[in-house]
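A.B. asks: sharing a sequence plus its predicted fold:
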Amino acid sequence: MQERQVDVAIIGAGTAGLGAYRAAKQHTDSVVMIEGGPYGTTCARVGCMPSKLLIAAAEAAHQAADTDAFGIRINGEISVDGEAVMARVKSERDRFVGFVLDSVQRIPAGDKLTGYARFEGPNTLVVDDHTRVHAKRVVIASGSRPSYPGFFEAAGDRLVINDDVFEWDSLPESVAVFGPGVIGLELGQALHRLGVRLRVFGVGGALGPLQDEAVREVADRTFNQELYVDPDAKVEAIERDGDSVVVTFIERHSGERLTERFDYLLAATGRRPNVDRLGIENANLTLNDKGVPSYNSFTLQCRNANGSPSHIFIAGDADQDLPLLHEASDEGRIAGDNAGRYPEMRAGQRRTPLAVVFSDPQMATVGLSYAELERRYGGCDCLASGEVSFEGQGRSRVMRVNKGLLRVYAEQGSGLFLGAEIFGPRAEHLAHLLAWAQQQRMTVAQMLEMPFYHPVIEEGLRTALRDLNANLQLGSRIIERCMECGPGD
Ligand SMILES: Cc1cc2nc3c(=O)[nH]c(=O)nc-3n(C[C@H](O)[C@H](O)[C@H](O)COP(=O)(O)OP(=O)(O)OC[C@H]3O[C@@H](n4cnc5c(N)ncnc54)[C@H](O)[C@@H]3O)c2cc1C
Ligand SMILES: NC(=O)c1ccc[n+]([C@@H]2O[C@H](COP(=O)([O-])OP(=O)(O)OC[C@H]3O[C@@H](n4cnc5c(N)ncnc54)[C@H](O)[C@@H]3O)[C@@H](O)[C@H]2O)c1
């Protein structure tokens, strides 16, 4: 067993780990980054990028099949070449991964260790069976992995997760997706649009990240116009039969008991932080009820078992809060910076919460979750909301993307803008405008002073903000459509 002494050890070379490495190196040359799996990051290898590549192919297929209403006839059959689809997904994915590998390559060999790290003590990590690292400070950036109930194992090797989908050489005939969360909806709808026979099964009624019942209800109805999604499914059996997975369930619309065969069961039922195999019990940390270290979200510093500040930091999906790429990147940088400068600490900048789901229509949430807003502001009637339906919205109708509902929230009295839930066209862009406004602590009145071009989807946002302003009793109600702005704003 080799022995190494370092100032900072980082567990994981994903987005958070790489950010932590660069930040820690600003303070000391004595940093080691430990990676047990393949380099390249979850985002580039099996997450954000390949999923968006698959969705892009599905959008192309969907648009090609939807030209008739514009008077455009495509003569001949539209066919999906599954091998070509997957070849592009994989080659573009490899290009993105290649950029990460290049940057990892530039890190001096002595700063990298290969193997899985485990805490032997608060300052000691054992990497596989070959190296013991004595570290003055540690950053845990070990990411997350899919989690699913044990009874899915009945599907045997027909049980797949997102990683497996991006290794397919072609598209299967059919998939049963379990989990209508972010991954299930993004991949499920994309596969459906690429011609895969598909059903999506959920539990408890959840749909993506939506918590506002009005928005969730519109999303449920809209998805079901296109594909079968049951957010509260009654699944009676999952069995393996030959090369197929056989699912017995109650069809949500007819109430019939159906038994259907699928090529694969895709488990998209959530992810768990990779802290359970770290020997975390040897690190002298306070753990929450899920076994995840408690930490300060501005410094990313963990707490010792007695509550005092620890020399251990945590960042990215490993800390279970906001498991998103831009958050992993911010957290890695803050944790690495503080691990480098320890014992002095700096509070890092945290941004307005922002999440986007690349379904069609897209979903997005801005600010505190709706449940949290209700908890904080609901009891005193302090929460006001406004909304717009995209059905009649001018630009959305022009482009035939007029589906969805946007709801915005503000504080009664001050008119302070608090957040939004969006299910609608181009939500990725609307959500950015709203997140920027919220981070600037703008009031709804100030947001309405901003320019809105015509005809654009953002005019729909203006309608929702006017509705909100009226509900705040800070402006007059929209009685008829704003004709000076053009029809259907
Ligand atoms: C299908 C999918 C789609 C996604 N799409 C988006 C999106 O569109 N937008 C978005 O913002 N986010 C998206 N995400 C989430 C995003 O990918 C993650 O939030 C982000 O990659 C987390 O980065 P990380 O550094 O925390 O973890 P990772 O990149 O997973 O890095 C953790 C690293 O730690 C290593 N490791 C684990 N345990 C040990 C150990 N004991 N010793 C040594 N090394 C260890 C792992 O091998 C891994 O390389 C998506 C995720 C998935 C799965
Ligand atoms: N566009 C993006 O930013 C993006 C895309 C993909 C993933 N991600 C990140 O990855 C995380 C994990 O994604 P995810 O989709 O795995 O988790 P999720 O928490 O978003 O969704 C899991 C879903 O599975 C359901 N579920 C749980 N147990 C079930 C069961 N037994 N049967 C059927 N359904 C069940 C849950 O009710 C929920 O709807 C996300 O929270 C997100 O942070 C982000």
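C.D. replies: Arrived safely, thanks for sending. Ligands and ions are numbered 1, 2, ... in the order given.

A.B. asks: is stretch 277-284 up against ligand 1 anywhere?
C.D. replies: Yes - on the criterion CB under 6 Å from any ligand atom, stretch 277-284 is in touch with ligand 1 at L278. For the C-beta atoms, the positions are set from N, CA and C on the backbone; glycine is no exception.

A.B. asks: run the chain-centre distance for that stretch.
C.D. replies: From the chain centre to the centre of stretch 277-284 is a distance of 27 Å (CA atoms, centre = their mean, to the nearest Å).

A.B. asks: pull the residues that contact it.
C.D. replies: 11, 116-122, 126, 138, 140, 142, 287, 291, 293, 304-305, 310, 312 (CB atoms under 8 Å, 6 or more residues apart in numbering).

A.B. asks: state the distance from the closest residue to ligand 1 within the stretch 201-350 of the chain to ligand 2.
C.D. replies: At 2.3 Å from ligand 1, G316 is the closest residue in the stretch 201-350 of the chain, using CB to the nearest ligand atom. Counting by CB to the nearest ligand atom, to the nearest Å, the gap from G316 to ligand 2 is 11 Å.

A.B. asks: R240 now?
C.D. replies: 17 Å.

A.B. asks: so which bits of the stretch 1-150 of the chain are right by ligand 2?
C.D. replies: P149.

A.B. asks: for the closest residue to ligand 1 within the stretch 1-150 of the chain, grab the count of nearby residues.
C.D. replies: At 1.8 Å from ligand 1, G14 is the closest residue in the stretch 1-150 of the chain, using CB to the nearest ligand atom. As a burial measure, G14 scores 32 neighbours (other CB atoms under 10 Å).

A.B. asks: then Q225?
C.D. replies: For Q225, the neighbour count with other CB under 10 Å is 7.

A.B. asks: before we move on, what about the one 4 residues further on?
C.D. replies: Applying the criterion other CB under 10 Å, we find 25 residues in the vicinity of V229.

A.B. asks: so it touches G205, yeah?
C.D. replies: No - here V229 does not reach G205: they are 11.3 Å apart, not a contact under CB atoms under 8 Å.

A.B. asks: pLDDT score assigned to the residue lying closest to T443 once chain neighbours are set aside?
C.D. replies: Excluding the flanking residues, the one nearest T443 by CB to CB, 6 or more residues apart in numbering is G415, at 4.1 Å. On the pLDDT scale, G415 is placed at 96.

A.B. asks: can you check the one 10 residues further on too?
C.D. replies: P425 carries a pLDDT value of 98.

A.B. asks: ok, the one 5 residues further on next?
C.D. replies: Reading off the per-residue confidence, L430 sits at a pLDDT of 98.

A.B. asks: next SSE after the helix or strand harbouring it?
C.D. replies: If you go by DSSP states H and E, L430 is part of helix 427-439. Next in sequence after helix 427-439, counting helices and strands by DSSP H and E, comes helix 444-448.

A.B. asks: could you pull out the buried residues of that following helix?
C.D. replies: By neighbour count, with 16 or more other CB atoms under 10 Å as the criterion, the buried positions of helix 444-448 are V444, M447, L448.

A.B. asks: around ligand 1, pick out the residues from the stretch 151-300 of the chain.
C.D. replies: Near ligand 1, the residues belonging to the stretch 151-300 of the chain are N162, I183, N274, L278 when assessed by CB under 6 Å from any ligand atom.

A.B. asks: is ligand 2 contacted by stretch 244-264?
C.D. replies: No - with CB under 6 Å from any ligand atom as the criterion, ligand 2 is not reached by stretch 244-264; the gap is at least 10.8 Å.

A.B. asks: now that stretch: average pLDDT?
C.D. replies: For stretch 244-264, mean pLDDT rounds to 97.

A.B. asks: for the residue nearest to T443, what are its contacts?
C.D. replies: G415 neighbours (CB under 8 Å, 6+ apart): T443, V444, A445, N469, L472, L474.

A.B. asks: gap between it and V97?
C.D. replies: 46 Å (CB to CB, to the nearest Å).

A.B. asks: now S385
C.D. replies: Going from S385 to V97 by CB to CB gives 42 Å.

A.B. asks: go on, G150?
C.D. replies: Shown here: G150 relative to V97, a distance of 32 Å by CB to CB.

A.B. asks: between the two, which one's more packed in?
C.D. replies: More neighbours surround V97 than the other of G150 and V97, with 21 against 6 (other CB under 10 Å).

A.B. asks: the more buried one against V46, yeah?
C.D. replies: No - counting by CB under 8 Å, V97 stays clear of V46, with 9.7 Å between them.

A.B. asks: just the helices in the protein please.
C.D. replies: 15-25, 42-46, 48-64, 82-105, 162-165, 182-193, 213-226, 325-341, 370-377, 394-398, 427-439, 444-448, 458-471 (DSSP state H).

A.B. asks: quick check: which of these is buried the most?
C.D. replies: The highest average neighbour count among the helices of the chain, using mean count of other CB atoms under 10 Å, belongs to helix 15-25 at a mean of 27.

A.B. asks: touching it from outside, list them.
C.D. replies: Contacts to helix 15-25, defined as CB under 8 Å, 6+ apart, come from residues 7-8, 10-11, 13, 31, 33, 35, 41-43, 100, 103-104, 107, 111, 139, 141, 143, 313, 315-318, 325, 328-337, 339-340.

A.B. asks: many thanks, we can stop here.
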